[in-house]
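Participant: the following block contains a protein sequence and its predicted model.
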Amino acid sequence: AQSVAQPEDQVNVAEGNPLTVKCTYSVSGNPYLFWYVQYPNRGLQFLLKYITGDNLVKGSYGFEAEFNKSQTSFHLKKPSALVSDSALYFCAVRDGSGGGADGLTFGKGTHLIIQP
Amino acid sequence: ETGVTQSPTHLIKTRGQQVTLRCSSQSGHNTVSWYQQALGQGPQFIFQYYREEENGRGNFPPRFSGLQFPNYSSELNVNALELDDSALYLCASSPSPGEPYEQYFGPGTRLTVT
């Protein structure tokens, strides 16, 4: 079975400061890792993914994430936060050896609040 | 390119009734997955359809069933509704089930069971 933990329900950051949203995962095979963002009353928007290769992946809106195999982590980062980044962020994992049929397993989400 | 669309936007049903939710996949995508997102939780995988067949299933009872049509659109059917079925139901499409493609989500259908 696969699982995702997002240890922080909420992260507060001042505008212009760097931000980090934490994610750890558990999967038996090779991890395919994803970050999604959800705005109120909206579906999920894809930000970035790690499949293989470089541990630092870059995505939409200036976000990036660092894959750390030894710590089974995939933290989301941004060098300079914007008020418009305020939203609900989800980390998700899929077992790369599972053929895709088991869907994505999501964390419970982290509310990111950027203060002006 | 048309994104993933879902209908209806909102729905109110009574316990014991049946409901059908609909999803149109993004152009060029042949795989559709359904998720249930309860209030304050992350989405939970219900099942996936590929080539009109169920291709994988999460931990949901058989009263949750689905269909996929030749144009890759899909339906989620829930029988004997329970109060705990109240949630946002999300549909996601992707080009293929086996490749590490990201899934593209629709806006969801908010189901309230009273």
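Facilitator: Good, I have the coordinates.

Participant: and the next element down the chain from the worst-scoring helix or strand of chain B on mean pLDDT?
Facilitator: Least confident helix or strand of chain B, by mean pLDDT, DSSP states H and E, is strand B:53-57 with a mean of 92. Past strand B:53-57, further along toward the C-terminus, the next helix or strand under DSSP states H and E is strand B:64-68.

Participant: ok and that next one relative to strand B:53-57, angle-wise?
Facilitator: 140 degrees (axes from the mean of the first three to the mean of the last three C-alpha atoms, to 10 degrees).

Participant: related to what we said a few turns ago, list the neighbouring strands of the least confident helix or strand of chain B plus their orientation.
Facilitator: Within its sheet, strand B:53-57 is paired with strand B:44-50 (antiparallel), according to DSSP bridges.

Participant: can you get me the centre-to-centre distance for the partner strand and its chain?
Facilitator: 7 Å (C-alpha atoms, centre = their mean, to the nearest Å).

Participant: put the alpha carbons of it into PDB.
Facilitator: What follows is strand B:44-50, C-alpha atoms only, in PDB (Å, rounded to 0.1, in the frame of the first residue of the first chain):
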ATOM      1  CA  GLN B  44      -9.500   9.300  -2.600                       C
ATOM      2  CA  PHE B  45      -9.200   7.000  -5.700                       C
ATOM      3  CA  ILE B  46     -12.500   5.300  -6.500                       C
ATOM      4  CA  PHE B  47     -11.700   3.600  -9.900                       C
ATOM      5  CA  GLN B  48     -10.200   4.100 -13.300                       C
ATOM      6  CA  TYR B  49     -11.600   3.300 -16.800                       C
ATOM      7  CA  TYR B  50      -9.600   2.600 -19.900                       C
END
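
Participant: what does it contact?
Facilitator: Strand B:44-50 is contacted by residues A:100-106, B:30-38, B:54-60, B:64, B:66-68, B:74, B:76, B:96-97 when judged by C-beta atoms under 8 Å, 6 or more residues apart in numbering or on different chains. No exception for glycine: its C-beta is placed from N, CA and C like everyone else's.
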